[in-house]
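Enquirer: pasting the sequence and the predicted model now:
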Amino acid sequence: MGLKENLENVMNRIKEAAHRAGRDPSEVKLVVATKYADVKKMEELFLLGVREFGENRAQDLIRKSEYFKDRPIVWHFIGRIQTNKVKYIVPRCELIHSVWRVEELEEIEKRAKKLGKIQKILIEVNVFGEKTKAGLLLQEVEGFLKMCETFKQIEVLGFMTMAPYVENPEEVRWGFRILKELRDELSKKYNSNNVKLKELSMGMSNDFEVAIEEGATMVRIGSAIFKGGR
């Protein structure tokens, strides 16, 4: 199948998962993960109506955002953050999904202040406790949120997590459920000018349907669109 068919398939699966959970499909935003995509494929997706792209590397973000500079594209940064690359990310990205270290907050604050920008971020949470993955442990999240409230150029919109790859996505459902419960609990305690916990960025090509059923508001999908398949 081509990109058009793959995209239609993914959009249908998003709708079906939302309906199974009794949700409006419009509550779920598709962010196309373009780590392995060239600009020609991205251009084809743009012509098919995609407007939200997620990049993992600052160098690729620079190159691709330059290529599409005259298009109304919303850029997301979804990869691991190197603090020395924040100066390239903040001017280009609407939302940074993967913040979890104080040094990142400080650098984002500095760069956003220079631009006169309020940078929207998500806090990355390592729900599944994988040693090789970035993110805060569940018990560290509230303390980090309190710290975020002290930054004037940063707005926290919610949380992001990445599940381990499993053949059966039912095995990771519990993690998505826990993060939604944490979001719901903390949103009652934290609702200030710069902390509004609405978003849950969770779910990728192999597990996004389960993530949507458990409350994801954003899914980061690459290979299901560029390669097809389930």
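Expert: The structure has been received and is ready for your questions.

Enquirer: secondary structure element for S187, which one?
Expert: Using DSSP states H and E, S187 maps to helix 173-189.

Enquirer: ok, residues contacting that helix?
Expert: Helix 173-189 has contacts (CB atoms under 8 Å, 6 or more residues apart in numbering) with 125, 127-128, 138, 141-142, 145, 158-159, 161, 163, 197-198, 200, 202-203, 210-211, 213-216. C-beta: built from backbone N, CA, C; applies to glycine.

Enquirer: after it, which helix or strand is next? Please name it.
Expert: strand 191-192.

Enquirer: so where's the chain shaky on pLDDT?
Expert: For the chain, the stretches with pLDDT under 70 are 230.

Enquirer: coming back round to it: show me what counts as buried in the helix holding S187.
Expert: R173, G175, F176, R177, I178, L179, K180, L182, R183, L186 (16 or more other CB atoms under 10 Å).

Enquirer: what ranges does the chain have for its strands?
Expert: Assigned by DSSP state E, the strands in the chain fall at 29-33, 52-55, 74-77, 95-99, 119-124, 154-160, 191-192, 195-201, 218-221.

Enquirer: please save the CA atoms from the fourth one in PDB.
Expert: Output for strand 95-99, consisting of C-alpha atoms alone and laid out as PDB, is shown next (Å, rounded to 0.1, in the frame of the first residue of the first chain):
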ATOM      1  CA  LEU A  95       5.600  21.400  21.600                       C
ATOM      2  CA  ILE A  96       8.500  19.600  23.100                       C
ATOM      3  CA  HIS A  97       7.400  16.200  24.300                       C
ATOM      4  CA  SER A  98      10.400  14.800  26.100                       C
ATOM      5  CA  VAL A  99      11.400  17.100  29.000                       C
END
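
Enquirer: what lines up beside that strand in the sheet?
Expert: Strand 95-99 has the following strand partners under DSSP bridges: strand 74-77 (parallel), strand 119-124 (parallel).
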